[in-house]
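Colleague: Test case, fold it:
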Amino acid sequence: MSMEEPCDQEETHFQNSGFEPRTGIYHSVLQLSENHRIPTRPDLDTATFLLSQLPHRDVADSRVALIDSATNQRVTYAQLRTSIHSLASGLYHALGVRKGDVVFLLSPNTVLYPTICLAIFSLGAVLTPANPVNTESEIVKQVRDSGAKLVISAPEELHKFGKLQVPVLLTCRDQSYNDNSVYVEELIECCDPLECPETELTQSDTAAVLYSSGTTGTSKGVILTHANFISIMTLLKWSVHATDSQNDVFLCFIPMFHIYGLAFFGLGLFCAGVTTVVMQRFDFQAMLDAIKTHKVNNIPAVPPVILGLVKYSKVAGDISSVRRVGSGAAPLSKEVSDGFRERFPWVELRQGYGLTETCGAATFILTNEEAKAHARSCGRLVPSFSAKVVDVETGTALPPYKEGELWLKSPAVMKGYLGNEEATAATFDKDGWLKTGDLCYFDEDGFVHIVDRIKELIKHNGYQVAPAELEAILLSHQDILDAAVVPLEDEEAGQIPMAYVVRAAASQLTEDQVIQFVAGQVAPYKKVRRVGFIGAIPRSAAGKILRKDLVSLSQQKVISKL
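Modeller: Below you'll find the predicted structure:
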């Protein structure tokens, strides 16, 4: 059908998409039930809401919330509730943490991580977590930028705080420290949960500042409110019940300092009463062992993990208990998803989409049938979300099947960027729409298809080339384990696509073979023109390709040849 036909015909044709031609707005066609309404009362905070959702006391003593995959330590829901109150009491009385104080958290995943986050929230303090692999200079920058008054650190990361005059609380005891250090474990054991103070909080208060991964530029502090987290917890509880996953055992290797891990494993899944097996960090064999030992059913994952399951052999028996795998944080190609379904036909593979700026949510695939029928899609808008697809040149709101920038509105959308009014103003339009920077289109059934990041599109002789499309083709090659495509500056064409490729161990794949493999499947202007072989593709903790690192590497190689 032509997009030039009258609005009433468009409205009839696209009624399943949630698109309103008169406003140019897409509304979610998914509905929350009465049991999953997002609360609107203003005097509510993240911790209070979460604690109100935990299993009733008659089952909380026996229902397991968390299992440490390495030690088999188990935390029941009753213990989780008590430890949150005890730690909040200790932070308040022993360390003087008050409403508005920023607490910096540097730790790998641990069964203590959710307790730490929720104790901070309950006091009205502000959480700012970071990646333990960050360098000392990166950590110092975040601590200073966020204005942190207290550091909570894993013992092995303590050496990174030498330049800071900020008190440090260690997460757990360490035999190498014989000083008077204070530990989270100690506060939980010694402090009276009944002395946890009551703090007057509102949904509009700041709960956390999470720093974006900065895949193409410098990272920014994303301000998330209690309303944002309450919205996302409600939506996650709804999704668990909508997919009949409330009795599943989930596996957590997604880092909890990332919004994906924090929203799922630090907050939302507790509201559904599920059990989560926690891995300190991702390791492929350890993941398989944890699945087998704990009979894991549900794995929120990222594309590199899914690709690994497809590419590496002899794992089918190890994941026989798994019935659902989710994919988020980065695009999942149709080639990889098709390969996964071929290898593991009993597993439901579902893709979703979200940003740190939207508290990790935006779109979701509800059923396995939808996932198979819309394999290239990241799902429909989740309840409470509205969207526009905006022409990047004219600013016009576009109907289904027209590509433009995705704009979003929802109670889950961030407040803004910390101390960066310029970036905040550039990200929101005058009516409060969040500009995601992602190029996308909706189909006639309301499924969203992400094409690529607008800033990552390669401009070749006036044409736009999407790296994600080329990466999907590269990954379909049997000798390529991983790949990334970045722009390489060129005097004649402006930019040319350059591929970085990780070859299989015994592969003798050449640059020319890679170029010809891609050339046979794309238009001439999309062809890969250069290939570099690399040991591993640099990625963020959530699996996003760190293109700025590869662009820098390609520039160094060009300079070295001059």
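Colleague: hey, let's count contacts and neighbours off CA atoms from now on
Modeller: Fine.
Colleague: for the host helix or strand of residue 292, packing partners?
Modeller: Residue 292 is part of helix 284-294 when elements are defined by DSSP states H and E. Here helix 284-294 touches strand 249-252, going by 3 or more C-alpha pairs under 8 Å, 6 or more residues apart in numbering; DSSP states H and E.
Colleague: follow-up on the earlier one: could you check how far the helix holding residue 292 is from the centre of its chain?
Modeller: 22 Å (C-alpha atoms, centre = their mean, to the nearest Å).
Colleague: Buried residues of that helix, list them for me.
Modeller: 287-292, 294 (16 or more other C-alpha atoms under 10 Å).
Colleague: Just checking, which helix or strand succeeds it along the chain?
Modeller: Downstream of helix 284-294 (by DSSP H and E), the next one is strand 298-301.
Colleague: which residues touch that next one?
Modeller: The set of residues external to strand 298-301 that reach it, using C-alpha atoms under 8 Å, 6 or more residues apart in numbering, is 248-254, 322-328.
Colleague: hmm, 7 Å instead?
Modeller: Residues outside strand 298-301 that contact it (C-alpha atoms under 7 Å, 6 or more residues apart in numbering): 248-251, 254, 322-328.
Colleague: Contacts for the helix holding residue 292 next, please.
Modeller: Contacts for helix 284-294 (C-alpha under 7 Å, 6+ apart): 69, 318-319.
Colleague: Stretch 508-516 now?
Modeller: For stretch 508-516, the surrounding residues in contact (C-alpha under 7 Å, 6+ apart) are 528-529, 531.
Colleague: Can you check these and name whichever has the most neighbours?
Modeller: Greatest neighbour count in the contacts of stretch 508-516, by other C-alpha atoms under 10 Å, goes to residue 528: 26 neighbours.
Colleague: in this protein, which ranges drop under the pLDDT threshold?
Modeller: 1-13, 175-179, 213-218, 313-317, 461-462, 491, 542, 556-562 (pLDDT under 70).
Colleague: now with 50?
Modeller: 1-12, 215, 558-562 (pLDDT under 50).
Colleague: what about the residue nearest the centre of it, distance to residue 347?
Modeller: When the chain is reduced to its mean C-alpha position, the nearest residue by C-alpha atoms, centre = their mean turns out to be residue 260, at 3.2 Å. Note on residue 260: its distance to residue 347, by C-alpha to C-alpha, to the nearest Å, is 21 Å.
Colleague: again, but for residue 23
Modeller: 39 Å.
Colleague: Residue 24 now?
Modeller: Residue 24 is 37 Å from residue 347, by C-alpha to C-alpha.
Colleague: Tell me which of those two has more neighbours.
Modeller: residue 347 (20 against 17).
Colleague: gap between that one and residue 476?
Modeller: Relative to residue 476, and taking C-alpha to C-alpha, residue 347 is found at 20 Å.
Colleague: Contacts only, for residue 47.
Modeller: 118, 121-122.
Colleague: For PyMOL, write the select line for the buried members of the residues you listed.
Modeller: For the buried members of these, the matching PyMOL selection, counting by 16+ other C-alpha under 10 Å, is:
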select buried, resi 118+121+122
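Colleague: taking the contacts of residue 47 one by one, which sit in helices?
Modeller: Residues of the contacts of residue 47 located in helices (DSSP state H): 118, 121-122.
Colleague: Now these in TSV, please, with extra columns for distance to residue 374.
Modeller: Formatted as TSV, the ones in helices among the contacts of residue 47 follow (distance: C-alpha to C-alpha, whole Å):
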residue	distance to residue 374
118	37
121	38
122	41
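Colleague: Which one of those residues is nearest to residue 429?
Modeller: residue 121 (29.8 Å; C-alpha to C-alpha).
Colleague: The closest one contacts residue 49, doesn't it?
Modeller: No. Counting by C-alpha atoms under 7 Å, residue 121 sits too far from residue 49 to count as a contact (10.8 Å).
Colleague: Please identify every residue contacting each of these two.
Modeller: The overlap between the contact sets of residue 121 and residue 49 (C-alpha under 7 Å, 6+ apart) is empty.
Colleague: from the middle of its chain, how far away would the helix or strand where the residue nearest to the centre of the chain lies be?
Modeller: Following DSSP H and E, one finds residue 260 within helix 259-261. Taking the mean of its C-alpha atoms, helix 259-261 sits 4 Å from the chain's own mean (C-alpha atoms, centre = their mean).
Colleague: now stretch 478-485
Modeller: Computed by C-alpha atoms, centre = their mean, the chain-centroid distance of stretch 478-485 equals 23 Å.
Colleague: who's in contact with that stretch?
Modeller: 311, 467, 471, 474-475, 497-504, 507, 537.
Colleague: let's see 6 Å
Modeller: Applying C-alpha atoms under 6 Å, 6 or more residues apart in numbering, the external contacts of stretch 478-485 come out as 467, 471, 498-504.
Colleague: Could you do stretch 77-85 as well?
Modeller: 60-61, 65, 115, 119, 188, 193, 196.
Colleague: rerun that using 7 Å as the cut-off
Modeller: By C-alpha under 7 Å, 6+ apart, stretch 77-85 touches 60-61, 63-65, 115, 118-119, 188, 193, 196.
Colleague: Among those, which one sits closest to residue 445?
Modeller: Lowest distance from residue 445 to those (C-alpha to C-alpha) belongs to residue 65, with 36.9 Å.
Colleague: Counting by contacts, list what the helix or strand hosting the closest one packs against.
Modeller: Assessed by DSSP H and E, residue 65 sits inside strand 64-68. Packing partners of strand 64-68 (3 or more C-alpha pairs under 7 Å, 6 or more residues apart in numbering; DSSP states H and E): strand 74-76, strand 275-278.
Colleague: From the contact counts, what lies against the longest one?
Modeller: Which is strand 275-278. In terms of contacts (3+ C-alpha pairs under 7 Å, 6+ apart), strand 275-278 is packed against strand 64-68, strand 249-252.
Colleague: Please name the nearest non-neighbouring residue to residue 76.
Modeller: residue 64 (4.1 Å; C-alpha to C-alpha, 6 or more residues apart in numbering).
Colleague: End to end on stretch 19-36, go ahead and measure it.
Modeller: Across its full length, stretch 19-36 reaches 24 Å end to end, with C-alpha to C-alpha as the criterion.
Colleague: for that stretch, which positions count as buried?
Modeller: Here stretch 19-36 shows 19-21, 24-29, 32, 36 as buried, counting by 16+ other C-alpha under 10 Å.
Colleague: How about stretch 537-550?
Modeller: 537-538, 541-550.
Colleague: For those residues, name the two members farthest from one another.
Modeller: Largest separation among the buried residues of stretch 537-550 by C-alpha to C-alpha: 542 and 550, giving 17.2 Å.
Colleague: Who are the contact partners of residue 42?
Modeller: Counted by C-alpha under 7 Å, 6+ apart, residue 42 has contacts 202-203.
Colleague: how close does it sit to residue 237?
Modeller: 20 Å.
Colleague: just residue 47 next, same as before
Modeller: Residue 47 is 15 Å from residue 237, by C-alpha to C-alpha.
Colleague: likewise residue 294?
Modeller: 22 Å.
Colleague: same question, residue 488
Modeller: Counting by C-alpha to C-alpha - residue 488 and residue 237 are separated by 44 Å.
Colleague: returning to that earlier point: I'd like to know which of the contacts of stretch 77-85 are buried.
Modeller: Using 16+ other C-alpha under 10 Å, the buried members of these are 60, 63-65, 115, 118-119, 188, 193, 196.
Colleague: Need phi/psi at residue 326.
Modeller: Per-residue torsions, residue 326: phi -100, psi 150 (degrees, to the nearest 10).
Colleague: thinking again about what came up before, ok, now which ones touch the residue nearest to residue 76?
Modeller: Residue 64 touches 74-77, 275, counting by C-alpha under 7 Å, 6+ apart.
Colleague: Who wins on neighbours among the contacts of helix 284-294?
Modeller: residue 69 (24 neighbours).
Colleague: can you pull out the strands in the stretch 451-562 of the chain?
Modeller: 458-460, 463-465, 480-490, 494-503, 530-533 (DSSP state E, counting those that start in this stretch).
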